[in-house]
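# Next one to model:
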Amino acid sequence: MKTYPKIGIRPIIDGRLGGIRESLEETTMNMAKAVVALFNAELKYPDGTPVVCVIADTCIGGVKEAADCADKFERENVGVSLSVTPCWCYGSETMDMNPLLPKAIWGFNGTERPGAVYLAATLAAHNQKGLPAFGIYGKDVQDMGDQHIPEDVREKLLAFARAGLAVAIMRGKSYLAIGSVSMGIAGSIVDADFFQSYLGMRNEYVDSSEILRRIQQHIFDPEEFKLALKWTREHCQEGEDFNQPKNVKSREEKDQDWEFVVKMTMIMRDLMIGNPRLVDQGYGEEAQGHHALLAGFQGQRQWTDFLPDGDFSEALLNSSFDWNGIRTPYLVATENDALNGVSMLFNYLLTNTAQIFADVRTYWSPEAVARVSGWKPEGRAADGFLHLINSGSATLDGTGKQRLGDKPVMKPHWEISDKEVDACLKATTFYPSNRDYMRGGGFSSKFVTEGGMPVTMCRLNLIKGVGPVLQIAEGWTIDLPGDVHRILDERTDKIWPTTWFVPRLTGEANFSSVYAVMANWGSNHGAISYGHIGADLITLAAMLRIPVNMHNVAQEAIFRPSAWGAFGMDSEGSDYRACQVYGPLYK
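Below is the predicted model:
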């Protein structure tokens, strides 16, 4: 899982020897090196290491050098292809023909040599051959040899690279379904054709009983279990039991539940990525795992009707820390909702931050809030807000207790401090689960997300006759007055994590009001990421040929392949038409 794809840089040059090519060699290669410096400084893989770039051995002036570059890229595990040029070159002779690599061309805006002419000519060749590519062209003319990357070019280079790496990292990985369909939720009807055709991922399946088998047969690291249980007892505070008296478990039973859910957490992780320590115990097959970048746990109802639920396990796995310290999150979808799992995966690969999995539970209008609490919403909450809440499985990073200056944030794991981990844990209480819902017991995490964070909620849906579509809503978390929060929160499941969310309104269509966002959301779940990343999600969706059916991203921020412009002037319609014509990336 740590062998990450690289970004390939293709310096393209006018192939005419005898004076022209020779005069451009240094300038062209320096352009490629400037991009590498940018990517090395700004982009990191999910483990926090800098992104690795590979430059072609020579500038590419014709088909032979293009083929040599393609061979090198294949040997070097290149997953994203960027061509750069300051001049006119031979378009179809030098273009990248690999249909699986996300590709872009940066044509230098200079008057001495027509890099823009190559850009236009080669994009036309890509479009004619059905190999969509992104075009990057600066607004302002630069002098030949200027190695400065303008801000508008920089933004597009980074947007392309972030999305391209997400595509490349997904390819060849697995989605692991632990169990099957949960309570008839359509997202947990795992569609293997979607994963294979659109994401290049395989599907792995284990019955939920595999967790129980490993617990009963002690197929886990006993030394880690001791460490994990000690850490859990010290750092995971247990809350009041709000169950009916007949459903309250004894102290001994609760202690047994804690041991059970800690073991379950270790086992779910081992199922995803393997654990070499199991080899020493004689379990070589179990030690391998399922090469899973993403997993889902069915839980309800067959499991939770008689066993502790997955809330603690999912909350810890989705967080950036546990008893082993600060680490990358393990993405696990509640109720095996694979489509919301993929939504979390998109967000995660674009940001390297942990993700909140939540029900899009309730729209609170200003009038309804005033009626039940006596408080009239104001500020960002003035037009109402959404209550995002699910059964205790959201990442603990979602507390908002990490800091950038004095502002709440969610950080990549390598930026998180031990002090911030402690703050997230102290802001979380693990309540005995509601046994009317979860008859087997367990512990649900409870926190309230701190307000003031820019966030993006997205959701992937499958529509018969259309295929996958993506919804995006940028907005902010908000704080409510303490008594108002209590009144609203206690009208639902008060032992589950709460995020109060306000989407940014545009005054149009699905973003004409907060109510319209709720009314047009395509499922009961959403994936919430720190930051306004809607534009990057749109770029990623275009690479995967997934149309976006709902978003509140400014038109000028949208970045799609050049070919999309040939499918009409209305952005949404052209997106649908282009995705339909090109079809899945891995068809």
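# OK, contacts around the closest residue to Thr429 other than its chain neighbours?
Using Cβ to Cβ, 6 or more residues apart in numbering and skipping residues adjacent in sequence, the residue nearest Thr429 is Gly239, 4.0 Å away. C-beta coordinates here come from the backbone N, C-alpha and C atoms, glycine included. Gly239 makes contacts with 429-432, 446, 495, as judged by Cβ atoms under 8 Å, 6 or more residues apart in numbering.
# do the same with Gln300
In this structure, Gln300 makes contact with 182-183, 309, 335, 437-438, judged by Cβ under 8 Å, 6+ apart.
# Identify the spatial nearest neighbour of the residue most central in space within the chain, chain neighbours not counted.
Residue closest to the mean C-alpha point of the chain, counted by Cα atoms, centre = their mean, is Asn347 at 2.2 Å. The spatial neighbour of Asn347 that comes closest, neighbours along the chain excluded (Cβ to Cβ, 6+ apart), is Ser529 at 3.6 Å.
# mind checking the SS state of that neighbour?
strand (DSSP: H, G, I helix; E, B strand; the rest coil).
# can you check Met266 too?
Three states are possible here, and by three-state DSSP the one that applies to Met266 is helix.
# roughly how far apart are it and Leu316?
10 Å (Cβ to Cβ, to the nearest Å).
# Mind checking which of those two has more residues around it?
Comparing Met266 with Leu316 by other Cβ atoms under 10 Å, the one with more neighbours is Leu316, at 27 against 23.
# Just want the phi and psi numbers for that one.
phi -70, psi -40 (degrees, to the nearest 10).
# Surely Asn247 touches Arg435?
Yes - here Asn247 lies in contact with Arg435, judged by Cβ atoms under 8 Å, at a distance of 4.0 Å.
# Neighbour count for those two, which is higher?
Each of Asn247 and Arg435 has its neighbours counted (other Cβ under 10 Å); Arg435 has more, 19 against 15.
# so who does the more buried one touch?
243-244, 247, 441.
# Low-confidence ranges, the protein, go.
Regions of the chain meeting the criterion pLDDT under 70 cover residues 1.
# which secondary structure element contains the residue sitting furthest away from the middle of it?
The centre of the chain is farthest from one residue, Gly18, which by Cα atoms, centre = their mean lies 49.6 Å away. Taking DSSP states H and E as the criterion, Gly18 maps to no regular element, lying outside all helices and strands.
# can you check Ala104 too?
Take DSSP H and E as the rule and Ala104 turns out to sit in strand 103-107.
# quick one: the following helix or strand past that strand to strand 103-107, angle?
Proceeding C-terminally, strand 103-107 gives way to helix 115-129 as the next helix or strand, assigned by DSSP H and E. Using axes from the mean of the first three to the mean of the last three Cα atoms, to 10 degrees, the inter-axis angle of helix 115-129 relative to strand 103-107 is 150 degrees.
# Tell me which other helices or strands helix 115-129 touches.
The elements that helix 115-129 packs onto, with contact taken as 3 or more Cβ pairs under 8 Å, 6 or more residues apart in numbering; DSSP states H and E, are strand 78-85, helix 91-94, strand 103-107, strand 134-136.
# Could you work out which of those reaches nearest to Glu253?
Ranking the helices and strands packed on helix 115-129 by distance to Glu253, with Cβ to Cβ as the measure, places strand 78-85 first at 49.5 Å.
# Pairing partners for the closest one, with directions?
strand 6-11 (parallel), strand 103-107 (parallel) (DSSP bridges).
# Redo the ones you listed as JSON lines? Include mean neighbour count.
Formatted as JSON lines, those follow (neighbours: other Cβ atoms under 10 Å):
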{"stretch": "strand 6-11", "mean neighbour count": "25"}
{"stretch": "strand 103-107", "mean neighbour count": "27"}
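# ok, residues contacting stretch 517-526?
For stretch 517-526, the surrounding residues in contact (Cβ under 8 Å, 6+ apart) are 185-187, 334, 337, 339-340, 343, 357-360, 363, 386, 388, 390, 457-459, 461, 469, 471, 473, 503, 510-511, 549-550.
# and the end-to-end length of it?
The separation between the terminal residues of stretch 517-526, taken as Cα to Cα, to the nearest Å, is 12 Å.
# Return the set of buried residues in that stretch.
Under the neighbour-count criterion of 16 or more other Cβ atoms under 10 Å, stretch 517-526 has 517-518, 521-526 buried.
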